[in-house]
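Engineer: Just the structure for this:
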Amino acid sequence: QVQLVESGGGSVQAGGSLRLSCAVSGYTIRTSSCMAWFRQPPGKEREGIAQMYFSGTTSYPDSVKGRFTISKDNAKNTLYLQMNSLKPEDTAMYYCAAGGDCNAPLYWGQGTQVTVSS
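Structural biologist: Modelled structure (predicted):
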């Protein structure tokens, strides 16, 4: 059984930083075709905010580029999202995802809430 468990969310003031973690079990991230982070702001659709492909290539939308960094520790089978210079508009539920296509990952975590106050 594949499980993805996010942690590290919380409340922070604008300009602050958080690092989200996603502990994966039942699935080896080292050989994953895609590891990704998504978020869903209140009342809005879910959006992809960071992708890491098997080649190691990473991709970010303009809204977070230069502020967010996706990384992984293969030995710990854990995915990370470092978020710096946080803005109130970054407030959302954040989800990690793995496997399959980065546009439609196979496995999802339950989410962790990030709230940024001005």
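
Engineer: mind listing the strands in this protein by residue range?
Structural biologist: Using DSSP state E, the strands of the chain run over 3-7, 10-13, 18-25, 34-40, 47-53, 58-59, 68-73, 78-83, 92-101, 104-108, 112-117.

Engineer: in its sheet, what does the last one sit against?
Structural biologist: Think strand 112-117. Strand 112-117 pairs in its sheet with strand 10-13 (parallel), strand 92-101 (antiparallel), by DSSP bridges.

Engineer: Tell me where the model's unsure across this protein.
Structural biologist: For the chain, no stretch has pLDDT under 70.

Engineer: ok, back up a step: any chance of the strands of the chain in TSV with mean neighbour count as columns?
Structural biologist: The C-beta positions use only the backbone N, C-alpha and C, and glycine is treated the same way. Output for these, formatted as TSV (neighbours: other C-beta atoms under 10 Å):
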stretch	mean neighbour count
strand 3-7	17
strand 10-13	13
strand 18-25	18
strand 34-40	22
strand 47-53	19
strand 58-59	14
strand 68-73	17
strand 78-83	22
strand 92-101	21
strand 104-108	15
strand 112-117	17
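
Engineer: Just give the nearest non-adjacent residue to Lys44, would you?
Structural biologist: Ala92 (8.0 Å; C-beta to C-beta, 6 or more residues apart in numbering).

Engineer: Likewise for Gln113?
Structural biologist: Closest to Gln113 by C-beta to C-beta, 6+ apart is Gly9, at 4.9 Å.

Engineer: partner residues bridging the residue nearest in space to the middle of the chain?
Structural biologist: The centroid of the chain falls nearest to Trp37 when counting by C-alpha atoms, centre = their mean (2.7 Å). In this entry, Trp37 is beta-bridged to Ala50, Cys96, by DSSP bridges.

Engineer: With Ser118 as the reference, measure out to it.
Structural biologist: Between Trp37 and Ser118 the computed distance is 23 Å (C-beta to C-beta, to the nearest Å).
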